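>>> Structure for this input, please:
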Amino acid sequence: MTSAEIRKQFLDFFASKQHQIVPSAPIVVKNDPTLLFTNAGMNQFKDYFLGNKKAENPRIADTQKCLRVSGKHNDLEEVGVDTYHHTMFEMLGNWSFGNYFKTEAITWSWELLTEVYKLDKERLYVTIFEGDEKEGIPRDEEAFREWKKVIPEDRILLGNKKDNFWEMGDTGPCGPCTEIHVDCRPDTERIAVEGKTLVNNDHPQVIEIWNNVFIQFNRLKDGSLEPLPAKHVDTGMGFERLVRVIQGKQSNYDTDVFTGTIATVEKITGKKYDYSNSKQAIAFRVLADHIRAISFTIADGQLPANTGAGYVIRRILRRAVRYYYSYLDYKQPLLFQLVPVIASQFATVFTELAQQLDFVSKVVKEEEDAFLRTLDKGLKRIDDIIQSASTSTIPGKAAFELFDTYGFPIDLTRLIAAENNLSVDEPGFEAEMQQQKNRSRAATAVDTEDWVLVNESNENHFAGYTDIETRTRVSKYRKVKAKGKEAYQLVLENTPFYAESGGQVGDSGTLNFDGETIEVFDTKKENNLIIHFCESLPAAIDAPVLAKIDLLKRQSTAIHHSATHLLHAALRQVLGVHVAQKGSLVNESQLRFDFSHFSKVSDEEINTIEQIVNQKIRENIPVVIKEMGKDEAVAMGAMALFGEKYGDKVRVVIIDPNYSIELCGGTHVGATGELGLFKIKSESAVAAGVRRMEAVSGLVAEQFITEQLTQLNAIRETLKNPKEILKAVETLYADNNELKKKIESLEAKQLTLIKQELLQQVETINGVQFIGAIIEISNADGLKKLCFDLKDALSNYIITLAANIEGKANVAIAVADELVSSKGLEAPKLIKEHVAGIIKGGGGGQKTLATAGGQDASNLPQVIEKIKSLL
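Below is the predicted model:
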């Protein structure tokens with residue numbers, strides 16, 4: 001049975017049990033501050049569990065793209081080393097939202113595994129929650145009774161809270177779970193050692209394949225549990241593991257989920273995959289795993305970056321590059337060649353990758369090119385570190401520099417160190433890493449208290465498409481603390497405040513409680529809950545509320561949002577239909593639009609785009625907004641964004657059916673004439689294959705043009721009102737360059753004269769030739785050049801030159817190679833230990849030449865004397 005057939009049988013089985021089959025949510029998470037990526041099948045259904053939203057169908061099943069790079073069994077550095085953990089994986093799942101519970105969930109699990117997939121019943125074990133006396137939670141007797149109906153009691157095992165009690169987080173819905181494990185060992189091993197002794201003991205052939213979670217409690221901030229009014233079922237079965245078991249393989253990577261990718265890597269590199277634990281075999285597994293995570297996250301809208309979710313993707317990609325570079329001896333981009341293989345494999349399951357194949361391949365290749373260049377620099381840097389190592393250990397700080405600056409994972413540094421008979425101070429590295437994590441946590445930590453209910457209500461309605469103010473009530477609130485500041489988050493039953501989403505910023509405004517006014521400084525979504533951010537609470541939180549938005553901010557923001565739609569359509573008209581939105585920011589002061597395009601947009605193209613948009617504004621086209629089924633919207637040509645999760649009903653914004661039709665939940669103007677004017681401020685590159693435009697519209701565009709004309713008039717007056725201002729600026733620029741060349745020529749002659757004078761001042765102190773002088777020079781580079789020029793006329797020397805340049809101290813020190821090796825007199829050490837404190841500054845450089853700058857130029861004579869005294 002192929003993996004595609006196995007996936008289809010799962011979905012067909014639950015469709016036959018009246019489950020609605022829904023598409024996977026994007027792997028990149030939005031509107032959830034607790035997650036960067038979808039890491040479980042239940043993520044897209046959190047609102048149902050939290051009671052923020054009612055499920056249209058109480059029974060759902062799907063296959064979900066997930067990504068995990070940390071947590072239990074999910075250390076990135078272990079992926080590929082073992083044969084059953086992954087970064088990206090598919091999670092098959094079925095859910096019940098207040099519908100069926102343990103009886104049906106357990107019965108259907110057993111039916112699917114043993115009757116549809118025909119797994120050997122004698123190889124299956126199940127675990128149930130043993131209870132927790134400390135928390136007053138009894139053993140899960142209901143699950144035990146249901147399992148006894150189908151499996152011998154000696155294969156029903158008790159699990160502790162760690163393994164058999166699932167929690168969404170520190171607070172929130174939770175409950176006991178029952179796991180199904182399978183023993184894949186040969187019969188001889190099964191006879192020798194009972195499988196039940198190996199369950200949950202990290203045996204590579206005795207593995208969990210399905211977890212059924214029974215959500216029946218809510219965890220409060222104080223740690224206590226309260227029963228949920230409605231009980232839910234949340235199950236998850238790792239697709240890759242299931243395929244391995246059904247296909248009778250000893251490794252996930254031996255299944256047809258991965259063999260096509262591995263075969264392609266063999267063809268590209270000329271190397272063979274040998275199914276072992278050699279570094280070469282691990283490299284094959286790393287590539288087969290990582291390319292899936294990289295491809296689908298980029299397709300879902302997350303570009304590699306230096307922070308947040310983007311850094312996770314960059315880290316995964318660089319780990320893959322390091323493996324093929326070091327262990328497959330492949331020194332050019334490889335990963336991008338695998339993207340078409342993944343796109344083809346999942347073309348009917350996760351279609352977004354095949355639809356963006358060229359774009360994703362381009363992004364991956366440029367990331368590979370960049371890291372391969374960095375890798376070369378990093379290897380040179382580690383050579384410097386090895387050469388300067390005073391002991392047989394590379395310091396932890398140096399190892400962390402290689403990780404942080406050059407992207408070297410610790411095991412690569414360890415490998416290179418071992419090749420040079422060195423070790424790595426790994427505790428020191430971990431200490432540096434922990435310091436960075438602590439700084440990051442301190443910067444982003446948010447302490448959130450429990451919700452305080454004010455008015456029992458499940459209403460959280462957005463009325464802001466039609467109303468700028470509403471009379472409503474607070475349903476609940478909570479206190480939050482971040483970066484030392486306290487704030488309050490309020491949920492209203494009915495609100496005109498737009499919550500930040502789709503690139504549009506959240507509304508601000510006021511809440512009036514019986515005459516007491518509270519400012520709302522931001523509005524955001526947490527899952528689908530609209531949350532109003534306030535700095536304080538009113539005296540009467542349960543009083544009726546008049547919620548009123550900042551109308552001027554909303555109007556200007558709506559202008560920029562409608563302008564974004566006009567721009568998007570114009571870009572596709574001028575540059576081509578390959579243009580797709582890759583990110584946006586819409587606020588009251590401007591719009592920022594990121595889009596897929598592989599070259600710089602020319603000035604001529606920008607002018608054409610502006611002309612098209614402004615023509616559409618002058619036509620005063622009505623902005624028509626309709627709600628309809630998603631399939632109907634797509635059929636009429638509406639553009640949907642990759643990485644967005646849409647419901648069955650969607651909101652469609654139409655600006656001339658022949659020009660712009662987009663799915664959009666933002667706020668807009670009534671007609672394009674309200675925009676008044678549109679002007680592009682800048683165009684630049686953001687990432688591989690992604691360009692960015694920043695533009696303004698409405699009153700902000702008028703102000704921008706006025707500012708630009710004011711500056712232009714000021715320049716004209718400064719240049720004495722020439723007839724042709726551009727020609728006058730070009731002449732001024734040419735004259736300036738000519739003068740610079742003359743100054744450089746004079747400075748070169750000056751340096752030659754100074755060099756001759758300094759050579760007359762050489763002192764020999766204990767066999768060392770010493771030059772120390774304060775000189776008059778106009779730039780710090782001259783000090784370095786003089787050191788270079790002087791050393792050719794000296795041997796066994798130390799040169800110390802200083803200058804007062806515009807009131808700042810500047811120092812350069814050069815040391816002969818023989819003094820570095822024989823006396824340990826390294827220029828950076830001299831700067832750090834003997835110069836920096838005197839001039840109140842700092843600096844650094846190479847062992848034989850270093851420079852420093854400081855605030856105190858009055859002590860330069862002391863610098864010369866200090867270095868001289870060392871001799």
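>>> And the closest residue to residue 281 other than its chain neighbours, which helix or strand is it part of?
Using C-beta to C-beta, 6 or more residues apart in numbering and skipping the chain neighbours, the partner closest in space to residue 281 is residue 274 (5.5 Å). In this view, the C-beta of every residue, glycine as well, is placed from N, C-alpha and C. When elements are assigned from DSSP states H and E, residue 274 belongs to no helix and no strand.
>>> Residue 274 contacts residue 280, doesn't it?
Yes. With contact defined as C-beta atoms under 8 Å, residue 274 and residue 280 form a contacting pair (7.2 Å).
>>> if we can go back for a sec, number of residues surrounding the residue nearest to residue 281?
By the criterion of other C-beta atoms under 10 Å, residue 274 has 10 neighbours.
>>> Quick check, pLDDT for it.
Residue 274 is assigned a predicted lDDT (pLDDT) of 89.
>>> check contacts around the residue nearest the centre of the chain.
Geometric centre of the chain, nearest residue: residue 309, 1.4 Å, by C-alpha atoms, centre = their mean. Shown in contact with residue 309 (C-beta atoms under 8 Å, 6 or more residues apart in numbering): 28, 36-37, 297, 302.
>>> quick one: which of the residues you listed is most hemmed in?
residue 297 (29 neighbours).
>>> From the chain's centre, how far out is stretch 150-157? Work that out for me.
44 Å (C-alpha atoms, centre = their mean, to the nearest Å).
>>> just stretch 353-372 next, same as before
16 Å.
>>> Please tell me how far the residue lying farthest from the centre of the chain sits from residue 380.
In the chain, the greatest distance from the average C-alpha position (C-alpha atoms, centre = their mean) is reached by residue 760, at 60.1 Å. In this view, residue 760 and residue 380 are 39 Å apart by C-beta to C-beta, to the nearest Å.
>>> Then residue 429?
To residue 380, residue 429 is 20 Å away according to C-beta to C-beta.
>>> neighbour-wise, which of the two wins?
Between residue 429 and residue 380, counted using other C-beta under 10 Å, residue 429 has the larger neighbour count: 23 against 10.
>>> from memory that one sits against residue 410, does it?
Yes. Residue 429 lies in contact with residue 410 (C-beta under 8 Å); the separation is 5.9 Å.
>>> shared neighbours, those two?
With C-beta under 8 Å, 6+ apart as the test, residue 429 and residue 410 both reach 399, 403.
>>> circling back: check which helix or strand the residue nearest to the centre of the chain maps to.
Counting by DSSP H and E, residue 309 is part of helix 308-327.
>>> Okay, buried residues for that helix please.
309-310, 312-314, 316-327 (16 or more other C-beta atoms under 10 Å).
>>> Give me the below-cutoff pLDDT ranges for this structure.
By pLDDT under 70, the low-scoring segments of the chain are 31-34, 70-75, 411, 439-446, 642-643.
>>> how about the closest residue to residue 285 other than its chain neighbours, secondary structure?
Leaving aside its chain neighbours, residue 285 sits nearest to residue 80 (3.9 Å; criterion: C-beta to C-beta, 6+ apart). Using DSSP: H, G, I helix; E, B strand; the rest coil, the structure places residue 80 in coil.
>>> roughly how far apart are residue 80 and residue 322?
Relative to residue 322, and taking C-beta to C-beta, residue 80 is found at 12 Å.
>>> try residue 708
48 Å.
>>> The stretch 101-250 of the chain: strands as residue ranges?
Assigned by DSSP state E, counting those that start in this stretch, the stretch 101-250 of the chain shows strands spanning 124-129, 156-159, 165-167, 172-183, 206-219, 225-238.
>>> I'd like those written out as CSV, with mean neighbour count and distance to residue 460 added.
CSV is the format used below for those (neighbours: other C-beta atoms under 10 Å; distance: least, C-beta to C-beta, whole Å):
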stretch, mean neighbour count, distance to residue 460
strand 124-129, 24, 33
strand 156-159, 18, 37
strand 165-167, 19, 24
strand 172-183, 23, 17
strand 206-219, 22, 18
strand 225-238, 19, 17
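>>> Nearest to residue 94, out of these?
Proximity to residue 94 (C-beta to C-beta) singles out strand 225-238 among the strands of the stretch 101-250 of the chain, at 5.2 Å.
>>> helices or strands next to the closest one in the packing?
Contacts defined by 3 or more C-beta pairs under 8 Å, 6 or more residues apart in numbering; DSSP states H and E place strand 225-238 against helix 46-50, strand 88-97, helix 102-111, strand 172-183, strand 206-219.
>>> quick revisit: contact partners for the residue farthest from the centre of the chain?
Contacts of residue 760 (C-beta under 8 Å, 6+ apart): none.
>>> can you pull the contacts of the spatially closest residue to residue 570 that is not a sequence neighbour?
In this structure, residue 570 finds its nearest non-sequential neighbour in residue 612, 4.2 Å apart by C-beta to C-beta, 6+ apart. With contact set as C-beta under 8 Å, 6+ apart, residue 612 has these partners: 566, 570, 573-574.
>>> Now intersect these with the helices, please.
Per DSSP state H, helices hold the following members of the contacts of residue 612: 566, 570, 573-574.
>>> Going by distance to residue 754, which of the residues you listed wins?
residue 574 (58.0 Å).
>>> Can you show me the helices along the stretch 351-500 of the chain?
Here the stretch 351-500 of the chain has its helices, by DSSP state H, counting those that start in this stretch, at 352-355, 357-388, 396-406, 410-419, 426-444.
>>> Among those, which comes closest to residue 11?
helix 352-355 (18.5 Å).
>>> List the buried residues in that closest one.
Going by 16+ other C-beta under 10 Å, helix 352-355 has these buried residues: 352-354.
>>> what do you get for stretch 467-474?
Buried, per 16+ other C-beta under 10 Å, within stretch 467-474: 468-470, 472-474.
>>> out of the residues you listed, who's nearest residue 675?
residue 468 (19.5 Å).
>>> Phi first, then psi, for that closest one.
Here is the backbone geometry of residue 468 (degrees, to the nearest 10): phi -100, psi -10.
>>> And what about residue 506, helix, strand or coil?
coil.
>>> quick one, what contacts it?
497-500, 522-524.
>>> before we move on, back to that, any idea how far the residue nearest to the centre of the chain is from residue 67?
9 Å.
>>> residues bridging contact with the two, i.e. touching both?
Joint contacts of residue 309 and residue 67 (C-beta under 8 Å, 6+ apart) are 37, 297.
>>> what number of residues lie near residue 567?
27.
>>> er, residue 423 I mean
12.
>>> I'd guessed it sits against residue 391; true?
No. Using C-beta under 8 Å, residue 423 makes no contact with residue 391, being 9.3 Å away.
>>> Of the contacts of residue 506, which is the nearest to residue 625?
residue 498 (14.0 Å).
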